[in-house]
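Novice: build the 3D model from these lines:
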Amino acid sequence: MSTMELEAAVGVGQSLDELRQTFRSRRTRSVEWRKAQLRAILKLISDNEDHIFAALQQDLGKHPVETYRDEIGVVVKSANHALSCVEKWMAPKKGQVPLLLFPSKGEVLPEPLGLILIFASWNFPISLALDPVIGAISAGNTVVLKPSELAPACSSFLAKSIPSYLDSKAIKVIEGGPAISEKLLQQKWDKIFFTGGRRVGRIVMSAAAKHLTPVTLELGGKCPVILDSLSDPSDIKVAVKRIAGGKWGPCSGQACIGIDYVLVEDNFASTLIELLKKTIKRFYGENVKNLKNLSRIVNRQHFDRLRNLLEDPKVAASIVHGGSLDENNLIIEPTILLDPPLDAEIMTEEIFGPLLPIITLNNIQESIEFIDSRPKPLVIYAFTKDETFKKQILTETSSGSVVFNDVLIQFLCDSLPFGGVGPSGFGRYHGKYSFDTFSHEKAVLQRSFFPELEARYPPWNDFKMQFIRLGYRFNYLGLLLLFFGLKR
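Specialist: Next up is the predicted model:
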């Protein structure tokens with residue numbers, strides 16, 4: 001453990017005590033506090049655009065346009081949405097109460113959970129840090145944000161800027177590596193929100209179980225594209241552009257919602273490959289030393305992992321485009337593989353990089369069985385105009401989400417929940433779903449002292465049995481039963 005990590009570990013307990021004290025003071029529950037913090041996030045982003053551009057360039061080689069699209073814009077959108085809706089989200093919701101309990105009223109009252117721990121991921125180190133924080137703040141919680149040490153410039157930026165803009169007694173950033181994460185997981189939290197891989201997700205869930213702490217796990221998986229036959233050349237052109245942008249555009253394929261592989265009928269595979277080659281050349285260039293608009297691989301470890309996938313002799317034989325590597329700059333050329341072995345690691349583990357397997361089928365209908373025979377993905381992308389096939393995909397597969405005729409855009413929709421299912425994660429967030437994730441919906445039932453239903457009490461008799469039977473079966477008879485059951 002480094003000196004910085006040792007100091008951070010020592011200060012964890014003190015920081016958490018201060019956060020709990022702040023939460024007990026109840027000031028984070030006010031709408032004024034919540035809105036002030038959301039405005040502060042917007043100001044933080046507005047004041048520091050250039051610093052964010054520089055940090056993302058340093059950590060991942062992201063172009064400023066990609067940074068704004070995937071990081072800054074996402075945070076601004078989410079904060080503005082929460083700012084405009086938080087009062088409505090906080091308001092109690094009326095709950096339906098059985099007529100048998102007349103006169104009474106019920107409501108559902110959202111209340112903050114308390115002290116929240118958020119683990120951010122390195123691939124989108126600003127948006128995947130601040131987007132969950134927006135939800136936790138909107139719900140009135142105190143927060144510890146643990147940025148990823150694999151994006152050190154962004155981690156440092158968040159650690160230095162957040163205390164200058166947000167309430168430092170309610171929102172804290174704790175930096176560090178695995179030792180600090182382990183120290184944080186030993187503490188008692190009211191909710192843990194984790195974005196990352198399955199291996200660490202299991203560690204988080206295991207640690208949370210010791211305190212019965214609820215968790216949201218945003219993981220990933222092998223997200224497929226189903227490419228159905230498209231007769232219109234313009235539709236094919238759009239589909240290929242979206243596939244290319246969705247595979248290599250977001251962080252060079254290092255994205256949980258990025259495309260992992262494409263399923264296509266064998267008679268269309270060669271056409272698809274040629275169109276992808278042309279699109280890659282137009283979007284990114286063709287020489288690995290001079291590629292533009294392409295993020296680099298995050299570090300040497302991940303670079304070597306991806307290289308090992310390609311060096312499998314059976315996999316290498318399936319490469320039909322790309323495959324070149326720039327070790328000095330940690331760049332891997334956009335690479336297309338045709339029918340690599342299905343038992344190879346590239347087809348059994350999440351790729352998380354710029355390698356795109358194309359799997360051919362005799363009939364596109366086989367794609368459903370192909371997907372169902374594997375772990376549930378975070379998202380299924382399907383390009384088709386066949387409404388019957390769309391219904392088949394929806395009813396015969398399971399995934400965190402399904403997107404027809406586009407890719408990645410579901411992440412930008414505040415009105416839709418974002419999250420996985422099974423091994424791709426559980427829990428959901430974005431928009432109101434973020435607020436709900438960090439809230440407890442408390443049921444409140446209020447009743448008067450009169451009238452009193454004597455039929456609910458012993459001594460029991462046949463009339464009371466009939467009364468109770470009818471009360472459960474026919475709510476609309478509640479009032480009638482009430483008057484007859486008062487004194488029996």
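
Novice: for the residue lying closest to G400 once chain neighbours are set aside, grab the count of nearby residues.
Specialist: Leaving aside its sequence neighbours, G400 sits nearest to G420 (C-beta to C-beta, 6 or more residues apart in numbering; 4.0 Å). Where C-beta positions appear, they are placed from N, C-alpha and C, glycine not excepted. When neighbours are counted by other C-beta atoms under 10 Å, G420 registers 25.

Novice: contact partners for the closest residue to S252 other than its chain neighbours?
Specialist: In space, and not counting its chain neighbours, S252 is closest to S295: 4.2 Å by C-beta to C-beta, 6+ apart. By C-beta atoms under 8 Å, 6 or more residues apart in numbering, the contact set of S295 is L60, G61, K62, H63, E66, C251, S252, Q254.

Novice: which pLDDT value belongs to the nearest residue to the first one once chain neighbours are set aside?
Specialist: Of all residues beyond its chain neighbours, the one nearest L60 is S295 (4.9 Å), with distances taken as C-beta to C-beta, 6+ apart. For S295, the model assigns a pLDDT of 94.

Novice: also M1?
Specialist: Confidence score, pLDDT, at M1: 55.

Novice: same check on L486?
Specialist: pLDDT, L486: 51.

Novice: for F102, same thing?
Specialist: Value listed for F102 in the pLDDT field: 79.

Novice: what's the burial count for it?
Specialist: 14.

Novice: what do you get for V225?
Specialist: 25.

Novice: show residues contacting the helix or strand that contains V108.
Specialist: Using DSSP states H and E, V108 falls within strand 104-112. Around strand 104-112, the neighbours that count as contacts under C-beta under 8 Å, 6+ apart are 23, 28-29, 89-90, 92-97, 139-141, 435-436, 438-448.

Novice: am I right that the residue nearest to L60 falls within a helix?
Specialist: No: the assignment for S295, made by DSSP: H, G, I helix; E, B strand; the rest coil, is coil rather than a helix.

Novice: what's the distance between it and W122?
Specialist: 11 Å (C-beta to C-beta, to the nearest Å).

Novice: hang on, the earlier thing: columns pLDDT, neighbour count and secondary structure on top of the contacts of S295, output as a markdown table?
Specialist: As requested, those are arranged in a markdown table below (pLDDT from 0 to 100; neighbours: other C-beta atoms under 10 Å; DSSP: H, G, I helix; E, B strand; the rest coil):
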| residue | pLDDT | neighbour count | secondary structure |
| --- | --- | --- | --- |
| L60 | 96 | 26 | helix |
| G61 | 95 | 18 | coil |
| K62 | 95 | 28 | coil |
| H63 | 95 | 15 | coil |
| E66 | 96 | 19 | helix |
| C251 | 93 | 26 | helix |
| S252 | 94 | 30 | helix |
| Q254 | 96 | 22 | coil |
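
Novice: out of those, who's nearest V215?
Specialist: Nearest to V215, judged by C-beta to C-beta, of those is Q254 at 23.4 Å.

Novice: about what we covered before: name the residues contacting each of S295 and W122.
Specialist: Listed as contacting both S295 and W122 by C-beta under 8 Å, 6+ apart are L60.

Novice: who's in contact with P354?
Specialist: Per C-beta under 8 Å, 6+ apart, neighbours of P354: K247, W248, S252, G253, L294, L306, G322, I332, E333, P334, T335.

Novice: please pick the buried ones from those.
Specialist: K247, W248, S252, G253, L294, L306, G322, I332, E333, P334, T335 (16 or more other C-beta atoms under 10 Å).

Novice: from L56, how far off is the residue nearest to the fourth one when sequence neighbours are not counted?
Specialist: What it means is G253. Spatial nearest neighbour of G253, chain neighbours left out: P354 (4.4 Å); criterion: C-beta to C-beta, 6+ apart. P354 sits 18 Å away from L56, taking C-beta to C-beta as the criterion.

Novice: about what we covered before: what's the spacing between the residue nearest to S252 and D436?
Specialist: From S295 to D436 the distance is 32 Å (C-beta to C-beta).

Novice: can you check E396 too?
Specialist: 29 Å.

Novice: looking at the two, which is more packed in?
Specialist: Applying other C-beta under 10 Å to E396 and D436 shows that D436 carries more neighbours, namely 18 against 12.

Novice: the more buried one: what's it in contact with?
Specialist: By C-beta under 8 Å, 6+ apart, the contact set of D436 is P110.

Novice: over to the one 10 residues further on?
Specialist: Taking C-beta under 8 Å, 6+ apart, we find Q446 in contact with S104, K105, G106.

Novice: direction included, what does the strand or helix carrying it pair up with?
Specialist: Following DSSP H and E, one finds Q446 within strand 439-447. Paired strands of strand 439-447, with direction, are strand 104-112 (antiparallel) (DSSP bridges).

Novice: mind listing what's buried in the strand it pairs with?
Specialist: G106, P110, P112.

Novice: what is the next helix or strand after the strand holding Q446 packed up against?
Specialist: Using DSSP H and E, the helix or strand that directly follows strand 439-447 along the chain is helix 462-473. Contacting helix 462-473 under the criterion 3 or more C-beta pairs under 8 Å, 6 or more residues apart in numbering; DSSP states H and E are the following elements: helix 478-485.

Novice: quick one on the thing from earlier: could you point out which of the contacts of S295 is nearest to V204?
Specialist: Closest to V204, out of all of the contacts of S295 and judged by C-beta to C-beta, is Q254, at 20.2 Å.

Novice: for L361, what are its contacts?
Specialist: By C-beta under 8 Å, 6+ apart, L361 lies in contact with L263, V264, E265, D266, S367, F370.

Novice: since we're on the nearest residue to F426 once chain neighbours are set aside, how many residues are nearby?
Specialist: Leaving aside its chain neighbours, F426 sits nearest to L217 (5.8 Å; criterion: C-beta to C-beta, 6+ apart). Neighbourhood size, L217 [other C-beta under 10 Å]: 24.

Novice: did I read that right, L217 in a strand?
Specialist: Yes: using three-state DSSP, the assignment for L217 is a strand.

Novice: who does it form a beta bridge with?
Specialist: F194, F426.

Novice: okay but it is in contact with G201, surely?
Specialist: Yes: assessed by C-beta atoms under 8 Å, L217 is found in contact with G201 at 4.8 Å.

Novice: can you work out which residues contact both of the two?
Specialist: F194, G425.

Novice: need the per-residue pLDDT for E286.
Specialist: For E286, pLDDT reads 85.

Novice: so, low pLDDT: which residues of the chain?
Specialist: Counting by pLDDT under 70, the chain has low-confidence residues at 1-10, 474-488.
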